[in-house]
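K.L.:
only the shape, not the letters, is given here:
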């Protein structure tokens with residue numbers, strides 16, 4: 001009698017079965033949690049609210065850190081009472097919870113009594129708090145990983161965008177930024193009042209990061225966290241020089257870590273400009289047979305030492321994509337705590353999404369929105385250069401060469417996203433003869449066409465062409 005046998009499952013089928021079994025097993029597993037430490041934290045806060053609720057607030061503990069919903073609800077209520085200045089003791093607490101319809105959600109009077117009499121050792125509070133935070137991090141990793149896996153299995157068209165999103169979420173977990181994203185109105189008001197008092201006291205640090213240009217600093221009160229500053233001009237107006245003058249002042253004079261993304265010039269060229277601009281030595285003199293004096297050499301050496309010691313990071317990747325730029329900026333913020341980013345320049349960047357491939361305007365919009373989002377995410381100001389169209393050349397008379405915000409290429413999204421827009425131009429560039437060119441030599445102007453948090457207007461500058469350097473105010477001969 002023949003015995004019917006079934007074919008052995010294929011290797012692939014076996015792997016699928018094993019994968020399915022693992023998935024089922026994972027579904028039944030509880031997420032990481034630490035109920036004992038959670039109970040210990042709440043017990044300490046109930047017994048000595050002034051001490052331990054204050055510590056919890058300092059350590060940025062939130063309701064999300066608690067795994068058990070009843071623990072999360074009770075913690076949120078304790079914080080609410082503490083910030084309102086109300087007394088936290090068992091009898092009135094039960095009554096307040098009952099009045100608010102929250103008593104059953106925290107387990108009833110018996111659960112509160114159990115927590116109150118748990119009596120953990122006070123010296124273990126921070127140790128238990130770290131346990132609770134660690135479990136929250138593990139749950140966040142699992143949640144974000146599951147979301148990433150599900151999105152990856154859906155085979156998205158925008159793989160780079162998915163990778164950027166996943167990296168941002170992982171870094172948010174690492175830096176604990178997710179617990180700080182939604183400040184209360186009370187915290188925001190306190191920050192406003194603190195800054196106002198600092199301004200009254202004349203503290204310069206309250207005015208954001210100084211640009212090195214006095215009139216610009218006065219009009220915008222410095223570059224503030226989360227702001228996007230667009231400096232736009234026609235070619236050869238000195239956009240890069242203006243940007244690097246700011247970078248020099250920020251990272252050398254103020255000693256703040258800065259990062260420059262240069263899509264046009266190499267790192268060598270930018271550093272060369274920094275050294276010789278700071279030393280006030282014109283490289284063009286060498287081609288004319290000039291021999292540097294001892295004083296020149298000392299200034300160059302000093303500028304080289306100062307530049308070498310600066311916490312300045314330059315990435316000269318040509319045609320960098322917005323996703324790649326954001327990933328690099330996040331890492332530098334995490335590793336070096338950069339305080340300022342400069343980008344040269346917007347129209348040379350790329351966005352690799354499907355929508356961007358079909359529309360240049362859509363591509364610029366994605367880049368502009370991405371940079372503004374990055375400034376807010378990292379909590380630092382970002383200055384980005386942009387190119388103007390030929391509008392200034394098409395004007396006549398005194399308006400010849402004078403830029404307008406509408407001259408920005410693909411201007412709609414840039415105007416919308418920017419907190420400030422500065423239009424840079426030099427009148428000598430549009431001179432019709434040598435006599436007029438000589439009369440206008442050195443004159444420059446930055447038109448602050450948009451300033452979300454301050455006044456707008458024209459800022460006179462002096463451009464020293466040999467040094468590729470801008471200085472505050474009109475040329476000396478005009479100022480006299």
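P.N.:
Done, it's in. Owing to the predicted nature of the structure, the values given are computational and were not obtained by experimental measurement. Numbering: from 1, shown residues only.
K.L.:
helix, strand or coil for residue 446?
P.N.:
Assigned by DSSP: H, G, I helix; E, B strand; the rest coil, the conformation of residue 446 is strand.
K.L.:
local confidence estimate at it?
P.N.:
Turning to residue 446, the model gives it a pLDDT of 92.
K.L.:
and residue 371, by the same measure?
P.N.:
91.
K.L.:
ok, it touching residue 351?
P.N.:
No - contact criterion Cβ atoms under 8 Å: residue 371 and residue 351 do not qualify, at 11.0 Å. To be clear about C-beta, it is placed using only N, CA and C from the backbone, and glycine gets the same treatment.
K.L.:
anything in contact with each of those two?
P.N.:
The contact sets of residue 371 and residue 351 overlap at residue 322 (Cβ atoms under 8 Å, 6 or more residues apart in numbering).
K.L.:
more neighbours, the two?
P.N.:
residue 371 (25 against 22; other Cβ atoms under 10 Å).
K.L.:
doesn't the more buried one lie inside a helix?
P.N.:
Yes - counting by three-state DSSP, residue 371 is part of a helix.
K.L.:
contacting residues around it?
P.N.:
228, 322, 325, 343, 346, 382, 384, 417.
K.L.:
and the pLDDT at the last one?
P.N.:
The per-residue pLDDT reported for residue 417 equals 87.
K.L.:
mind listing what it touches?
P.N.:
In this structure, residue 417 makes contact with 228, 368, 369, 371, 372, judged by Cβ under 8 Å, 6+ apart.
K.L.:
repeat that for 6 Å
P.N.:
By Cβ atoms under 6 Å, 6 or more residues apart in numbering, the contact set of residue 417 is 368, 369, 372.
K.L.:
for the helix ranked longest in the chain, name the packing helices and strands.
P.N.:
Counting residues, the longest helix found in the chain (DSSP state H) is helix 125-153. If contacts are counted by 3 or more Cβ pairs under 6 Å, 6 or more residues apart in numbering; DSSP states H and E, helix 125-153 sits against helix 35-47, helix 159-175.
K.L.:
tell me the most buried of those?
P.N.:
helix 35-47 (a mean of 21; mean count of other Cβ atoms under 10 Å).
K.L.:
tell me what that one is packed against?
P.N.:
Packing partners of helix 35-47 (3+ Cβ pairs under 6 Å, 6+ apart): helix 49-58, helix 108-116, helix 125-153.
K.L.:
what's the angle between it and helix 49-58?
P.N.:
Helix 35-47 and helix 49-58 meet at an angle of 130 degrees, taking axes from the mean of the first three to the mean of the last three Cα atoms, to 10 degrees as the criterion.
K.L.:
picking that back up, can you put the contacts of residue 371 in a markdown table and add distance to residue 236?
P.N.:
Converted to a markdown table, those look like this (distance: Cβ to Cβ, whole Å):
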| residue | distance to residue 236 |
| --- | --- |
| 228 | 24 |
| 322 | 26 |
| 325 | 25 |
| 343 | 19 |
| 346 | 17 |
| 382 | 24 |
| 384 | 19 |
| 417 | 26 |
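K.L.:
residue 231 bridge partners, please.
P.N.:
Residue 231 forms beta bridges with residue 385, residue 422, as assigned by DSSP bridges.
K.L.:
list the contacts for it?
P.N.:
Listed by Cβ under 6 Å, 6+ apart, the contact partners of residue 231 are 239, 385, 422, 424.
K.L.:
in JSON lines: those, plus neighbour count, pLDDT and distance to residue 134.
P.N.:
Putting the contacts of residue 231 into JSON lines (neighbours: other Cβ atoms under 10 Å; pLDDT from 0 to 100; distance: Cβ to Cβ, whole Å) gives the following:
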{"residue": "239", "neighbour count": "22", "pLDDT": "91", "distance to residue 134": "48"}
{"residue": "385", "neighbour count": "24", "pLDDT": "93", "distance to residue 134": "44"}
{"residue": "422", "neighbour count": "28", "pLDDT": "92", "distance to residue 134": "46"}
{"residue": "424", "neighbour count": "25", "pLDDT": "91", "distance to residue 134": "51"}
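K.L.:
now, which of those sits nearest residue 161?
P.N.:
For the contacts of residue 231, the minimum distance to residue 161 (Cβ to Cβ) is 24.7 Å, reached by residue 385.
K.L.:
sweet, I'm off.
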